[in-house]
Structure formats: C-alpha cells, structure tokens
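S.K.: Here is a sequence together with a model predicted from it:
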Amino acid sequence: MKIIVLTINQYKEKDAIVTAVAENQLITFLARGIYNPKSKNSILNNPLTIVDIELVEGNFKYPILNSSKQLFTPLKVEMDSKYLGSLLLMNEMMMHLFPDEEKHRMFPFLEEGIIALRKTNDWLMTLLIFMSHAIRIGGFELEVNQCINCGKKKNIVAFSFVDGGFVCEDCYYEGMERVFTKEQMVLVRKIFNSRDYSLVSTQYSHGDAQRLFNKFLEFIQEAFGYRFKNIRLLVD
Ligand SMILES: [Zn+2]
C-alpha cells in the first residue's frame, strides 16, 4: 500500500505510532525500530515521505508495519526556509483542515505537490495549487469562470471571497469586496482551473502570486476556522 507519512509519535523506546494518508483512507500503525538508524523502518521517521508498506494484524491496538520501501523523500541536501516552510504548511493543512475520514481525498494533490516542490523548488505556485485543492475539497469552492451572481462570462470586474468568486460589471456594487487586480484574477482563474501542477515553474508575476498566497491563507483560516502555526518561514 502506498502511503504518505503525516505524523510520527514515539511509542516506547525505539518504536512509533505512525499516521499516514493512503489513496483511500487515513491509516495508523505501529512501526518498530523507527528510531534505529540501522532499521529499514527508519525511512518512515520523516513527514511527507512516500512509502510502500505492508502491514500485519497482531494483538496490538493498531496494525504493525511488516515491510517498507521508500518511494520518495522530500529531504534533499539544500533545503531553504521556503522549502521547509512549504512542507510544514502542507503537512499542517493535511492534519488540521479535514476530518480524518476525508483526508485521503487530498492524497493525489499532496503526492503530486511534494514531488513538484522538490523537482522545481517553486514553493509559491506549488502551495497555491495545493491550497486551491484544499479549498475545493473542504467544500468552499470559488467560482472563477463566470459571475457568481448572474452567470455572465464577460466583463468580470471583481473577485470577492465573501460572495464566492467572480463578479461582473452589472452585479458589482460600490463597497463590494474587490480583492484582486485584473492580472491577479487571471492568475486565480488559472490556479483554480488547474487539475495538476503544470503551472509550477512557468512564468508568472511573483508579486501577484505572493498577494494571492496571503489572501488564500487568510481565506482558508477564516473558512476552516483554523489558525496556521507554521507560516513564519513563508510570510516576509
Ligand atoms: Zn453578474
């Protein structure tokens, strides 16, 4: 079974209870010898590692790790603060934004996201795409293809988180939330319509992307009712 490690909690001296997300479920198991560098299981002692595992049922509360093979590690020789901060934030979103029985729905976006991040180091676009999926899967989908009010596709003049997306000229009224510039709205649309990470490492305005990132952060915290603890490395 392919899993992505989320948390590792020490259990007795050298063992740990590992929580990981798989394609169809969230799974918790006992990994023996995880703190022993000579043990094959030590590869699991790092969040967001992708591992192929085999579990066996024993007389313990949780299934027990029988074998493990590393498929991907986010660890690399040079990890700057943005890279580390991005890993922390993705892990934090997985742990705190979704109920346990829903977390697996983020699996493909988490898997592709950590691979894209490592390959390109484009932390900003990787996180924007990951966050757009988190917003959608969390049930807060935003309309970015037409006016949220009348459905018109032309003369979109505003993006409003409060109203739920794009607003056209006719439906816009004075005092309505107007979060983004025209260029930023084009970028928001591209991000919310992307089903993979192909936007990562393309040409885009970093200033605009940074603005989107700050606004996405605010929106997620508000919508999900959760305050991030791991964004210090990412906001200047
Ligand atoms: Zn309208």
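M.R.: Sure, I can see it.

S.K.: mind saving the C-alpha coords of the longest helix seen in the chain as PDB?
M.R.: When the chain is scanned for its longest helix (criterion: DSSP state H), the result is helix 206-224. Extracted C-alpha coordinates of helix 206-224, given in PDB (Å, rounded to 0.1, in the frame of the first residue of the first chain):
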ATOM      1  CA  HIS A 206       5.800  36.700  -8.100                       C
ATOM      2  CA  GLY A 207       4.300  39.800  -6.700                       C
ATOM      3  CA  ASP A 208       0.800  38.800  -7.900                       C
ATOM      4  CA  ALA A 209       1.300  35.200  -6.700                       C
ATOM      5  CA  GLN A 210       2.500  36.400  -3.300                       C
ATOM      6  CA  ARG A 211      -0.600  38.600  -2.900                       C
ATOM      7  CA  LEU A 212      -2.800  35.600  -3.800                       C
ATOM      8  CA  PHE A 213      -0.900  33.500  -1.300                       C
ATOM      9  CA  ASN A 214      -1.500  35.900   1.500                       C
ATOM     10  CA  LYS A 215      -5.200  36.200   0.600                       C
ATOM     11  CA  PHE A 216      -5.600  32.400   0.300                       C
ATOM     12  CA  LEU A 217      -4.000  32.000   3.700                       C
ATOM     13  CA  GLU A 218      -6.500  34.500   5.200                       C
ATOM     14  CA  PHE A 219      -9.400  32.800   3.500                       C
ATOM     15  CA  ILE A 220      -8.500  29.300   4.500                       C
ATOM     16  CA  GLN A 221      -8.000  30.300   8.100                       C
ATOM     17  CA  GLU A 222     -11.400  32.000   8.100                       C
ATOM     18  CA  ALA A 223     -13.400  29.400   6.200                       C
ATOM     19  CA  PHE A 224     -12.000  26.400   8.000                       C
END
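
S.K.: Can you tell me what sits against that helix?
M.R.: Here helix 206-224 makes contact (C-beta atoms under 8 Å, 6 or more residues apart in numbering) with 93, 96-97, 124-125, 127-128, 131-132, 134-135, 138, 140, 161, 179-181, 183-184, 187-188, 191, 226-228, 231, 234-235. Placement of C-beta: from N, CA and C, glycine included.

S.K.: Filter those down to the buried ones, ChimeraX style.
M.R.: With 16 or more other C-beta atoms under 10 Å as the criterion, this ChimeraX line picks the buried residues out of the contacts of helix 206-224:
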select :93,97,124,125,127,128,131,132,134,135,138,161,179,180,184,187,188,191,228,231,234
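
S.K.: Identify those among the contacts of helix 206-224 that sit within helices.
M.R.: Secondary structure of the contacts of helix 206-224 is defined by DSSP H; positions in helices are 93, 96, 124-125, 127-128, 131-132, 134-135, 183-184, 187-188, 191.

S.K.: Domain map for this protein?
M.R.: 2-72, 79-236 (automatic domain parsing).

S.K.: Need those in TSV (columns: distance to the ion and mean pLDDT).
M.R.: As requested, the domains of the chain are arranged in TSV below (distance: least, C-beta to the ion, whole Å; pLDDT from 0 to 100):
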stretch	distance to the ion	mean pLDDT
domain 2-72	39	95
domain 79-236	3	96
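
S.K.: re earlier: measure how the longest helix of the chain sits relative to helix 123-137, angle-wise.
M.R.: Put simply, helix 206-224 runs at 30 degrees to helix 123-137, going by axes from the mean of the first three to the mean of the last three C-alpha atoms, to 10 degrees.
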